[in-house]
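Trainee: Need the 3D shape of this:
(one chain, ligands or ions: 2)
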Amino acid sequence: MTHKKYTRIIFALLFTMIWTAAASAVPLASHVFIISYDGGAPYVMKDCDMPVLKGMLDQGACTWEAQTIFPSVTLIAHTSMMTGMGPAKHKVTWNGDEPDKKLEVTTCFAEARKKGLHTAFFPGKDKLLLIAIPDSMDHAECPGYESDKVAAAAAEYIVANKPNLTFVHFAETDGLGHKRGWGSDEQKAGFANADKALGVLKEAVEKAGIADDSVFIITADHGGHKNTHGSNKPEDMTIPWILWGKNVKPGHTISEDVTVYDTAATALWLLDVEIPESWDGKAITNAFNTPE
Ligand SMILES: [Zn+2]
Ligand SMILES: [Zn+2]
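Mentor: Ligands and ions are numbered 1, 2, ... in the order given. Model (predicted):
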């Protein structure tokens, strides 16, 4: 064989290798939406008027037995949700708004943005802005406490910017639990209201033209009982974990153990961003149809 022929074969091989590598790097979804119902106890949510969520449940994958971290409180649990770590590693031990204290570890948003992805963060409580560490967000704002205000701001942003990784937080459901009790009629009305807000987000994703390339991870920071939460009781620790969208196995029941920090890992895995080795969280890959 001549030298020229060898060169041609080597170039052909190289081209094939590069082509294969590029093809396998296509993410399972280009847009991931993490939706958190504050205080979203499955035993209450299952009993609420939530037609949007129930429609997504029918088409998606679900476990009502996912677990949050202890203590089952808002800031510590949301930090786990977004850092892929338990509190022992992320070291957020407080639950109040303490602007002088900083989060010292990376988040799924920081990791996604490092890869050039567009990130957006819409909490219903200011204190969650702790998670918006420097250089991690293209956009982070608390539009207000009410679910409809948060959804309206997020929807407008989604249509205009088509972010790759977005967090939206419905806070009111927790406040109504504290005021009127978990499972009270008032709290159930709050969940129904937050379901309309979820509908607004779903419509925005359709309007943005990215519905075919999106996955929603719908979950909660903790549950609750009577007028409180924070304990290690099952009512406080158990959370929903619902997947809907591209490549999600329809009607699939998630049988593996899911913890709140698996949310961050699953989001990165879907977006084809490497999961940091130090994380406790794992991607829940069995709930998706993955290419061979
Ligand atoms: Zn909470
Ligand atoms: Zn609370």
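
Trainee: Could you give the number of residues near Val205?
Mentor: Per other C-beta atoms under 10 Å, the neighbour tally for Val205 reads 22. C-beta here means a position set from N, CA and C on the backbone, and glycine is covered the same way.

Trainee: What parts of the stretch 51-200 of the chain come near ligand 1?
Mentor: Thr74, Asp174 (C-beta under 5 Å from the ion).

Trainee: What are the boundaries of the helices in the stretch 51-200 of the chain?
Mentor: Remark: helices assigned in the stretch 51-200 of the chain by DSSP state H, counting those that start in this stretch are 51-59, 74-83, 87-90, 108-114, 147-161, 172-180, 185-207.

Trainee: mind checking which of those helices is nearest Gly223?
Mentor: Comparing the helices of the stretch 51-200 of the chain by their distance to Gly223 (C-beta to C-beta), the top pick is helix 172-180, with 8.9 Å.

Trainee: And that closest one, what's buried?
Mentor: Of the residues in helix 172-180, Glu172, Thr173, Asp174, Gly175, Leu176, Gly177, Arg180 count as buried by neighbour count, 16 or more other C-beta atoms under 10 Å.

Trainee: How about stretch 110-121?
Mentor: Ala110, Glu111, Ala112, Arg113, Leu117, His118, Thr119, Ala120, Phe121.

Trainee: ok, residues contacting it?
Mentor: 109, 128-129, 131-133, 135-141, 154, 157-158, 161-167, 267-268, 271, 273-274, 276 (C-beta atoms under 8 Å, 6 or more residues apart in numbering).

Trainee: In the stretch 51-200 of the chain, which residue sits closest to ligand 1?
Mentor: The stretch 51-200 of the chain approaches ligand 1 most closely through Thr74 (3.1 Å), counting by C-beta to the ion.

Trainee: Quick check: that residue vs Asp47, distance?
Mentor: Thr74 is 22 Å from Asp47, where distance means C-beta to C-beta, to the nearest Å.

Trainee: Of the two, give the one with the bigger neighbour count.
Mentor: Ranked by neighbour count (other C-beta under 10 Å), Thr74 and Asp47 place Thr74 first, with 23 against 12.

Trainee: For that one, give me its contacts.
Mentor: Taking C-beta under 8 Å, 6+ apart as the test, what Thr74 contacts is Asp38, Asn95, Lys125, Lys127, Leu128, Asp174, Asp221, His222.

Trainee: Contacts only, for the second one.
Mentor: If I follow you right, that is Asn95. Pro71, Val73, Thr74, Leu75, Ile76, Lys127.

Trainee: Try it again at 7 Å.
Mentor: Applying C-beta atoms under 7 Å, 6 or more residues apart in numbering to Asn95 gives the contacts Val73, Thr74, Leu75, Ile76.

Trainee: And for Gly144?
Mentor: Per C-beta under 7 Å, 6+ apart, neighbours of Gly144: Val150.

Trainee: I'd like the distance between it and Phe170.
Mentor: Using C-beta to C-beta, Gly144 is found at 11 Å from Phe170.

Trainee: Mind listing the shared neighbours of the two?
Mentor: By C-beta under 7 Å, 6+ apart, the residues touching both Gly144 and Phe170 are Val150.

Trainee: Filter the contacts of stretch 110-121 down to the buried ones.
Mentor: Applying 16+ other C-beta under 10 Å to the contacts of stretch 110-121 flags 109, 128-129, 131-133, 136-141, 154, 157-158, 162-167, 267-268, 271, 273, 276 as buried.

Trainee: which residues pair with the spatially closest residue to His139 that is not a sequence neighbour across the strands?
Mentor: Nearest residue to His139, sequence neighbours excluded (C-beta to C-beta, 6 or more residues apart in numbering): Ala120, at 4.5 Å. For Ala120, the beta-bridge partners under DSSP bridges are His139, Thr166.

Trainee: and Ala120, what pLDDT?
Mentor: For Ala120, the pLDDT comes out at 99.

Trainee: Likewise for Cys108?
Mentor: Note on Cys108: pLDDT of 99.

Trainee: Give me every residue in contact with stretch 189-202, excluding its own residues.
Mentor: 33, 35, 37, 44-45, 48-53, 147-148, 150-152, 154-155, 168, 170, 172-173, 176.

Trainee: Where does the spatially most central residue of the chain sit: helix, strand or coil?
Mentor: Residue closest to the mean C-alpha point of the chain, counted by C-alpha atoms, centre = their mean, is Ile34 at 2.4 Å. Under DSSP: H, G, I helix; E, B strand; the rest coil, Ile34 falls in the strand class.

Trainee: Alright, I will stop here.
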